[in-house]
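Asks: can you look at this prediction? I've put the sequence above it.
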Amino acid sequence: MKKNYAKMFVSAALAVAAVFGVQAQDVVLEENFDKLEALTDAGVHKYGKNPWTGKDAEGVEYQPNFTNIQKDGNLDDLNGWSSRTTYLYACQGFVRISKTNYGGDLLSPKFSALNEPTDVKLSWQGIGYTSNVALNEDGSYKSGGVHDYQYYLVGVMGGGELVADNVLHNVQYMDDAKNDIFIDCAVINIPTDCFITMDTLQAWSFEGTKNKVTIKKATANTQVVFMSTIPAVKTTDYSTPEMPIAEDAPHGVNVKVNRVVLDNIKVVKAGSSAVNDINVAKEVKARKVMENGQIYIIAGDKKYNVMGAEVK
């Protein structure tokens, strides 16, 4: 029987909210891309566990882009998130934007939980992309390890004022019909130690992957978009004088590519008691299970019933 992952996700989120004292009514939007961890009817993962091309360690093929996700009938796996460039790739529990030489984007659902203009806090994790390292037979370095351009943008559209340390105005994006529009975007810098290392995603635990901005007077029509510095444009050099190339990259920077891995996105009302910090490891996620006809929520090594009470 096919599982209803939408209901599972909502139940898990509510149960964990009860456990940790989060006021669910103050959470405007939350996405951990748990649906992308689903198994097929054949019992294998639908999406690869890392953002590289080819098969992953489990033998799962390279992640589909947004166009293929729609064609394959898997749009629900993105929980209302989308892309206007189509260069959005589904991975096992997270997403990646952009491909070699082409910018990409990740567009949120609207903030429909808001019924009046409201100040909100947006938090998320973003990791940079590094080419896979190749070694010689003696174990010495051969090639690879070059990381992508280390900046990306977070924009606001549909209402609301973006408040961040470095805001660019009139950044070119596109509407549903692919017409040019211009929005305000925060410039996000990825520290050199917050890029993917080899075929692991250990960077999820690094503080430098965690980011926050404020959106003042957000409305039910507000959306956020994560995008490469030049979305949907083929380029041979992303760098600009305002956003210079990192000089401390171990094996250099590839200015032709601007791929970013994203997860743990959350929007809460400013001033609320809802938790807006990213303070758990990527592997510690809430999930729903059924045992002897009873529904339980598993969070880390603890089990809770649907009312939020721990079950020993």
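Replies: Received it, and whenever you're ready, just let me know what you need. Numbers count the residues shown, from 1 in each chain.
Asks: mind listing what Asn170 touches?
Replies: Residues counted as contacts of Asn170 (C-beta atoms under 8 Å, 6 or more residues apart in numbering) are 182-184. For the C-beta atoms, the positions are set from N, CA and C on the backbone; glycine is no exception.
Asks: give me the buried entries from those residues.
Replies: 183-184 (16 or more other C-beta atoms under 10 Å).
Asks: turn the contacts of Asn170 into CSV, including secondary structure, distance to Asn115 and pLDDT.
Replies: Below are the contacts of Asn170 laid out as CSV (DSSP: H, G, I helix; E, B strand; the rest coil; distance: C-beta to C-beta, whole Å; pLDDT from 0 to 100):
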residue, secondary structure, distance to Asn115, pLDDT
Phe182, strand, 28, 95
Ile183, strand, 23, 96
Asp184, strand, 24, 96
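Asks: so Phe94 sits right up against Leu36, yeah?
Replies: Yes: between Phe94 and Leu36 there is a contact at 7.1 Å, judged by C-beta atoms under 8 Å.
Asks: any idea how far the most far-flung residue of the chain relative to its centre lies from Asn258?
Replies: Relative to the C-alpha centroid of the chain, counting by C-alpha atoms, centre = their mean, Asp138 is the outermost residue, at 37.3 Å. Using C-beta to C-beta, to the nearest Å, we find Asp138 at a distance of 34 Å from Asn258.
Asks: do the same with Leu29
Replies: Taking C-beta to C-beta, one finds Leu29 at 25 Å from Asn258.
Asks: more neighbours, the two?
Replies: Legend: neighbour count by other C-beta atoms under 10 Å for Leu29 and Asn258, higher for Asn258 (30 against 24).
Asks: contacts only, for that one.
Replies: Contacts of Asn258 (C-beta under 8 Å, 6+ apart): 98, 103, 148-149, 151-152, 228-230, 238.
Asks: so which of those residues are in helices?
Replies: Among these, no residue falls in helices (DSSP state H).
Asks: list the beta-bridge partners for His45.
Replies: Leu39 (DSSP bridges).
Asks: please give me every residue in contact with it.
Replies: Counted by C-beta under 8 Å, 6+ apart, His45 has contacts 37-39, 58, 60, 92.
Asks: ok, and the closest non-adjacent residue to Tyr87?
Replies: The shortest distance from Tyr87 to any non-neighbouring residue, by C-beta to C-beta, 6 or more residues apart in numbering, is to Gly104 (3.1 Å).
Asks: perfect, that will be all.
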